[in-house]
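Peer 1: quick one: sequence and predicted model below, then my questions.
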Amino acid sequence: MTTRRSRAKITEEDLSQAHTRLFNTHVEHLPWDQVVRRYDRPHTLCYLDPPYWSTEGYGVEWAFDNYELMARLAREVDGMMIISVNNIPEMREVFAGLHMDTKPIKYTVGGGAGSEAEELLIWNDNTEQAPKITGTPMSLF
């Protein structure tokens, strides 16, 4: 619950810029896996940032089988897929066989000092499908 008004002031220019950026954006109200399947193409990059397993505070039910489905889709899709999850043994196990790397991250909630952690980045090996920039494949990281 907020106790004071937002300090954000949205100007006409802000709205115009948002309109320009979102003009060709599609908003879907579908389960995440249906969106992945609907838009999967060899040139598609799909980024998934699901709730972190064994953490609290998301306010939604999120079953472990969602991660298993993500892993399966990452292996099956025609396009590129990147998934970011918490770096715990359960995630390394479910996504085994896909490319993995860790990146440091600072978790902050409500403006607090935060805590240092590692995020696990997972991706499939469809880099041959990556968009070309000056003749070479785009790097994911």
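Peer 2: Here it is on my side, so go on.
Peer 1: quick check: R38 touching W32?
Peer 2: No: R38 is beyond contact range of W32, at 10.8 Å (criterion: Cβ atoms under 8 Å). The way it works is simple: take the backbone N, C-alpha and C, and place the C-beta from them, glycine included.
Peer 1: if you count surrounding residues, which of those two has more?
Peer 2: More crowded of R38 and W32, by other Cβ atoms under 10 Å: W32, with 15 against 10.
Peer 1: what's near enough to touch that one?
Peer 2: 48, 50, 66 (Cβ atoms under 8 Å, 6 or more residues apart in numbering).
Peer 1: residue ranges in the protein under the pLDDT threshold?
Peer 2: Where the chain drops to pLDDT under 70, the residues are 1-7, 56-58, 109-112, 126-141.
Peer 1: what about the strands in it?
Peer 2: Using DSSP state E, the strands of the chain run over 45-48, 80-86, 99-107, 115-123, 132-133, 136-137.
Peer 1: deepest-packed of those strands, please.
Peer 2: Greatest average neighbour count among those goes to strand 80-86 (a mean of 21), per mean count of other Cβ atoms under 10 Å.
Peer 1: give the pairing partners of it; include direction for each.
Peer 2: strand 45-48 (parallel), strand 115-123 (antiparallel) (DSSP bridges).
Peer 1: what angle separates the longest one from strand 99-107?
Peer 2: Computed by axes from the mean of the first three to the mean of the last three Cα atoms, to 10 degrees, the angle separating strand 115-123 from strand 99-107 equals 150 degrees.
Peer 1: separation between the residue nearest to V35 when sequence neighbours are not counted and A63?
Peer 2: Closest residue to V35 apart from its sequence neighbours, by Cβ to Cβ, 6 or more residues apart in numbering: E28 at 5.2 Å. As judged by Cβ to Cβ, to the nearest Å, E28 and A63 stand 21 Å apart.
Peer 1: same question for K106.
Peer 2: Distance, K106 to A63, using Cβ to Cβ: 28 Å.
Peer 1: next one: F23
Peer 2: F23 is 36 Å from A63, by Cβ to Cβ.
Peer 1: again, but for E119
Peer 2: E119 sits 21 Å away from A63, going by Cβ to Cβ.
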